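Participant: I would like the atomic coordinates for the input below:
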Amino acid sequence: MNEKTRLPGVARIGIGGPVGSGKTALVERLIPALKARNIEVAVVANDLVTREDAERIRRSGLIDPARVLAVETGACPHTAIREDPTMNILAVEKLIETFPEVEVILVESGGDNLASTFSLELVDYWLFVIDTSDGDDIPRKKGPGIVRSDILVINKVDLAPYVGANVENMVRDASQVRSGRTVILTNCKTGEGIETLVDQLAHDVLFTA
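Facilitator: Predicted coordinates for the structure are as follows:
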């Protein structure tokens, strides 16, 4: 980002969703997509009692490993991103202090249920990730993560034919329960939908589009 379009401070983007929905895979796609637009990135990865997701991102070769911090929540993952986000706030502040050039920090929640939401003390904007393999009725369940997130990401669209999920119905139902707010389809395996997602982030959060 150039100085004209840079936000004051760092844009903090939360990424939540159920276990296995593809949150870490999405982070791994967003890192190079943002870097391709000359946007400096860092990551905070939450996990219950391990540092598995953070270590995976560090080993990916996509980012300086020092720019990835792990938070072991020790309890329900939503607690550390909503009820008491102190550990995550401290991790974000540490990254900002260590890497003052960073412009975006991705805060990945540990896998949680459809009720998972982010505190706006922690993030400026957040995504909620679901996937087709959990069934095409998921949007109709209207969990807070589905209804309240800034962007709903429906991931693993390539699996829909194999699990009997109707993606068009998922988009329709999601748009209805979200009152028309943004829904984006992705396939993190191939990169499908990632540029569309980054375009939306650039418009809504980074003000570069």
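
Participant: and the helix or strand bottoming out on mean pLDDT in the chain, how far out from the chain middle?
Facilitator: Ranked by mean pLDDT, DSSP states H and E, the weakest helix or strand in the chain is helix 77-78, scoring a mean of 81. Its chain's C-alpha centre and that of helix 77-78 lie 14 Å apart, by CA atoms, centre = their mean, to the nearest Å.

Participant: and what of stretch 185-204?
Facilitator: 11 Å.

Participant: name the residues that touch stretch 131-143?
Facilitator: 18, 20-22, 113-116, 130, 146, 152, 154-157, 159-160, 163-167, 169-170, 173-174, 177 (CB atoms under 8 Å, 6 or more residues apart in numbering). For the C-beta atoms, the positions are set from N, CA and C on the backbone; glycine is no exception.

Participant: could you dump stretch 160-171 to PDB, C-alpha only?
Facilitator: Extracted in PDB, the C-alpha atoms of stretch 160-171 (Å, rounded to 0.1, in the frame of the first residue of the first chain):
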ATOM      1  CA  ALA A 160     -19.800 -30.500  -3.400                       C
ATOM      2  CA  PRO A 161     -20.600 -33.000  -6.200                       C
ATOM      3  CA  TYR A 162     -19.100 -35.800  -4.000                       C
ATOM      4  CA  VAL A 163     -21.100 -35.100  -0.900                       C
ATOM      5  CA  GLY A 164     -24.400 -34.200  -2.600                       C
ATOM      6  CA  ALA A 165     -24.200 -30.500  -1.700                       C
ATOM      7  CA  ASN A 166     -25.900 -27.900  -3.900                       C
ATOM      8  CA  VAL A 167     -23.600 -24.800  -3.900                       C
ATOM      9  CA  GLU A 168     -26.200 -22.600  -5.600                       C
ATOM     10  CA  ASN A 169     -28.600 -23.400  -2.800                       C
ATOM     11  CA  MET A 170     -25.900 -22.600  -0.200                       C
ATOM     12  CA  VAL A 171     -25.300 -19.200  -1.700                       C
END
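
Participant: that's all I had, so thanks and see you.
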